[in-house]
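[1] One predicted model, sequence on top.
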Amino acid sequence: MAGGAARELEAILDAAVDPFIACGPDERILHVNAATERLLGWDREQLLGRPVTDLFPSRLHRFHGLSLPRYLLSRRKKLGGRPTRIFARRRDGVELQVELTVGATGTQGHERIVLMMRRLHEVIDSLEEPVEHVPGGPGAGANHEETVDRLYRLLVENAPLGIFHFDRAPIITACNERFSSLIGTSKRNLVGLQLFTLSDENIIACVREALNGHSCDYEGDYHALTTGKVTPVRIRFAPCYSEDGSVEGGVGIVEDITDRRRVEAEREENLAQMDLLFRGAPVGIGFLDTNLRYVRVNETLARINGLPAEAHLGRTLPELLGEPGAIAEQGPRHVLRTGEPLVNQESTSDEDLGAPGPRRYFAGSFYPVRTPDGRILGVGVLVEDITERKLAEEERAHLYREAQEAIRVRDDFLSIASHELKTPLTPLSLRLATLERRLERGENLDPSVLRHARHQLTRLTGLINDLLDASRIEAGRLALHPESTRFDLLVEQTLAGMEGQKGNHTFDFERPREPISVHGDTYRLEQVISNLLENALKYSPDGGNIRVRLSLSDDVAVLSVTDPGIGIPEDQQQQLFDRYFRARNASTRSYGGLGLGLYISRDIVERHGGRIWVESEAGRGSTFYVALPTLSAARPALPLAWPDRHLH
Ligand code: ADP
């Protein structure tokens, strides 16, 4: 029965949460409960018979000449059942802070000393000696300590961070509610947890670091064993020192970084989007610091500057681009000085930026980049390649000028043409009136009057023919009928045909040494020769000598007509062969003409595979050249007639 009662008592004591130790009068242990085994790391059998002071650090074994249990017993009355805070020593030597209550039962010889401990989880300060725990009791020191202690507890408990303390073992000796809720396990389960039994190697490494006196940060996902919930946490491990300066354990400060992770992820995504926008922008974007050194540039700006993006960083515009860079830097410099933006400053590649390749046009904008409180951080640079736009603008302006010119030419032409066409009509009608009068009076007809009338008619016909030819050329309908032609004879005949027109001029013909044949349209080639001869007569003073020369050079017949006339200013020689073009020195009043002869001649010559050009100096005469391939020239057949579609 007695054994049964003892076993029942033992079971009850084992169920108790706090450690319980019973000793005999010799202070040797007679009994410990399971909580004692758990807290102090001993097996019950190992403790039985040992002095109870083995459960405390040796420095605490004696007080005022009494053993620890006896000392505390002697103060029992004064304490009135309140516990004393003290260090207990675990089997492995680690000291734990506990509240200890000592009591005694039985009479001498059968005396039983009972020690009851309560683990102090939350208190992290250390005490060398047992101190009476008197809440609100007398004594300023105790009172002060109590206040600090309470504050400390409040601080730790209310911290928005999980906090836990571990000893050298390393076993968790204390933690706050936040920690236990973060981990999802009760405080009671956490205190006493051996950290080296955790599966996360990184946590273990950090604990070791802290025990070696270093701080260490851990970041990872905590998987709650019970709920399976995953919480991203960041834990800062730091060592805790005892008063002698040695590491007695460490603390872990745990932060739930779920929100921070989300915010970071969002920020990262935003940044990634911004970065994509920045990189992919078809506009050059850059940022200069207040020393006007590039901090960032995108690929487009790097391309515009003709340098890799990395080459920009930390460098100024003049350092990057030399003299043009120094010019370009005036923009951002102005922004720094005035705080005002500069928008759409236009520049070109060869003037400002020095990039190789064809000339490009850019529009640059510079603007101050400020902090929210208005301080200038640097200068934003936006550079847009506006080459296409500029070229289109230039093209439009060019077309506009051409259109204006075409209108002017047309107006000039209309007035010239009407004047030219009218000019022969007056003498013609005069001659006809004379003839009519003579006929009426029965007088003899004067052949010279008829000849003059005929001359005016021929002139009129010539003008009209030129107009028709020009419009045929425009429409691609001037047909050629090529055949084998003796070009030397053709020149000779044309010269002979002009005898009547040459007035006091003289012709000087230098013949080729041998006959020259070409494959050409006789009528049209004669038109070219007579046009050159007529111009030579028209634009040179009466009585001037006109030299005509035909020669052969490498299967090419070269005809030249040289006159001592007014010549052609150099800047207009290129345009002579354009439709309606008349050089400025050939005034309409002094020299009639429609500006079509050379245009028609060039078309005819080029369609014979030849070339026509002029060498001249204003006031010093001109030489016109026509080069034609000879019949014997081994050249591909010439496209002398336009394709059929032009003929309808
Ligand atoms: P036009 O009927 O005006 O003479 P052309 O086409 O034959 O037309 O000549 C075009 C222009 O070239 C002339 O208006 C004249 O200004 C210039 N030109 C042609 N031949 C000569 C020349 N021998 N000497 C000086 N100017 C000439």
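    On my side now, so go ahead.
[2] The residue in the stretch 151-300 of the chain that the ligand sits nearest to: neighbour count?
    Nearest residue of the stretch 151-300 of the chain to the ligand, counting by Cβ to the nearest ligand atom: Pro282, 49.9 Å away. Just so you know, the C-beta spots here come from the backbone N, C-alpha and C atoms, and that holds for glycine as well. Neighbour count for Pro282, taken as other Cβ atoms under 10 Å: 8.
[3] On the three-state scheme, it is what?
    Of the three states, Pro282 takes coil under DSSP: H, G, I helix; E, B strand; the rest coil.
[4] can you start the count at 31 instead of 1 from here on
    Taking 31 as the first residue, the last one we looked at is Pro312.
[5] Pretty sure Thr330 is one of the things it touches, is it not?
    Yes: assessed by Cβ atoms under 8 Å, Pro312 is found in contact with Thr330 at 6.3 Å.
[6] quick one, what contacts the residue of the stretch 181-330 of the chain closest to the ligand?
    Neighbouring residues of Pro312 by Cβ atoms under 8 Å, 6 or more residues apart in numbering: Thr330.
[7] Kindly list the main-chain dihedrals of it?
    The phi/psi pair for Pro312 (degrees, to the nearest 10) reads phi -80, psi 0.
[8] How about Tyr629?
    The phi/psi pair for Tyr629 (degrees, to the nearest 10) is phi -60, psi -50.
[9] So the closest residue to it other than its chain neighbours versus His535, what's the distance?
    Distances taken as Cβ to Cβ, 6 or more residues apart in numbering put Arg609 closest to Tyr629, at 4.6 Å, once the chain neighbours are dropped. Separation of Arg609 from His535 (Cβ to Cβ, to the nearest Å): 28 Å.
[10] which secondary element of this structure has the worst mean pLDDT?
    Least confident helix or strand, the chain: strand 161-162 with a mean of 40, by mean pLDDT, DSSP states H and E.
[11] Residues of this structure that sit close to the ligand?
    Within the chain, the positions near the ligand by Cβ under 6 Å from any ligand atom are 561, 565-566, 569, 593, 595-598, 606, 611-613, 616, 623-629, 652.
[12] Can you flag the buried ones in those?
    Neighbour counting by 16 or more other Cβ atoms under 10 Å classes 561, 565-566, 569, 593, 595-598, 606, 612-613, 616, 623-629, 652 among the residues of the chain next to the ligand as buried.
[13] Mind checking which of those land in helices?
    Mapping those onto helices (DSSP state H) picks out 561, 565-566, 627-629.
[14] Let me have the residues you listed in TSV, extended by distance to Phe226 and pLDDT.
    Converted to TSV, those look like this (distance: Cβ to Cβ, whole Å; pLDDT from 0 to 100):
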residue	distance to Phe226	pLDDT
Asn561	112	96
Asn565	113	95
Ala566	116	96
Gly627	110	95
Leu628	106	96
Tyr629	104	96
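[15] Those residues: which two are farthest apart?
    Ala566 and Tyr629 (17.3 Å; Cβ to Cβ).
[16] Which strand residues bridge Thr131?
    Met146 (DSSP bridges).
[17] List the residues that contact it.
    111-114, 145-146.
[18] What is the distance between the lengthiest helix in the chain and the centre of its chain?
    With secondary structure taken from DSSP H, the chain has its longest helix at helix 417-471. Distance, stretch centre to chain centre, for helix 417-471: 57 Å (Cα atoms, centre = their mean, to the nearest Å).
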